[in-house]
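Participant: no letters, just coordinates:
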């Protein structure tokens with residue numbers, strides 16, 4: 001969350017220095033901070049519930065799932081979302097889709113499927129260790145962006161990244 005706050009503050013300062021006239025559609029405001037926080041809360045709650053369901057804590061209520069059942073339900077959920085998006089693009093927006101031009105998106109979809117498959121088995125095995133490691137993807141993304149895309153980070157980002165890495169390390173020492 002601190003990274004989102006820092007990014008918003010830096011963006012505001014940069015726009016003020018450039019005396020940039022901002023269009024209404026480019027103003028992010030509170031949404032730029034609210035959406036990552038909302039995502040983090042939803043991700044945390046659902047990861048917690050995934051751990052409980054996969055551990056069989058709710059077996060008395062009929063909510064226990066094996067890894068395979070959970071995987072099938074995840075993949076069917078993503079299939080339903082994909083079919084909904086496809087319907088929107090083809091029927092409502094009347095957009096033509098050429099699969100040959102969509103190779104990066106198809107590769108991303110395959111990686112997402114592989115990630116979901118791995119996630120379910122990791123959460124079923126050791127959810128206390130897997131959940132924080134999975135949630136630290138944003139820090140890994142920031143580090144990889146710095147290394148490969150040569151993105152510059154200001155000094156205040158490094159303590160936050162270090163703090164998250166220490167937290168994941170401490171949880172891993174379980």
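Facilitator: Noted; the coordinates are in hand. Predicted model only: the values in this text are computed from it and were never measured.
Participant: in the lengthiest helix in the chain, what counts as buried?
Facilitator: Determined from DSSP state H, the single longest helix within the chain is helix 29-55. For helix 29-55, a neighbour-count test (16 or more other C-beta atoms under 10 Å) marks 33, 36, 47, 50, 51, 53, 54 as buried. All C-beta atoms are positioned from the backbone trio N, CA, C, and that covers glycine.
Participant: so which elements touch it?
Facilitator: If you count contacts as 3 or more C-beta pairs under 8 Å, 6 or more residues apart in numbering; DSSP states H and E, helix 29-55 packs onto helix 2-18, helix 67-87, helix 103-125, helix 127-135.
Participant: in TSV: those, plus distance to residue 172 and mean neighbour count.
Facilitator: TSV is the format used below for those (distance: least, C-beta to C-beta, whole Å; neighbours: other C-beta atoms under 10 Å):
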stretch	distance to residue 172	mean neighbour count
helix 2-18	21	13
helix 67-87	21	12
helix 103-125	13	14
helix 127-135	6	17
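Participant: in JSON lines: those helices, plus distance to residue 158 and mean pLDDT.
Facilitator: Shown next, in JSON lines, are the helices and strands packed on helix 29-55 (distance: least, C-beta to C-beta, whole Å; pLDDT from 0 to 100):
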{"stretch": "helix 2-18", "distance to residue 158": "11", "mean pLDDT": "75"}
{"stretch": "helix 67-87", "distance to residue 158": "35", "mean pLDDT": "88"}
{"stretch": "helix 103-125", "distance to residue 158": "27", "mean pLDDT": "86"}
{"stretch": "helix 127-135", "distance to residue 158": "19", "mean pLDDT": "76"}
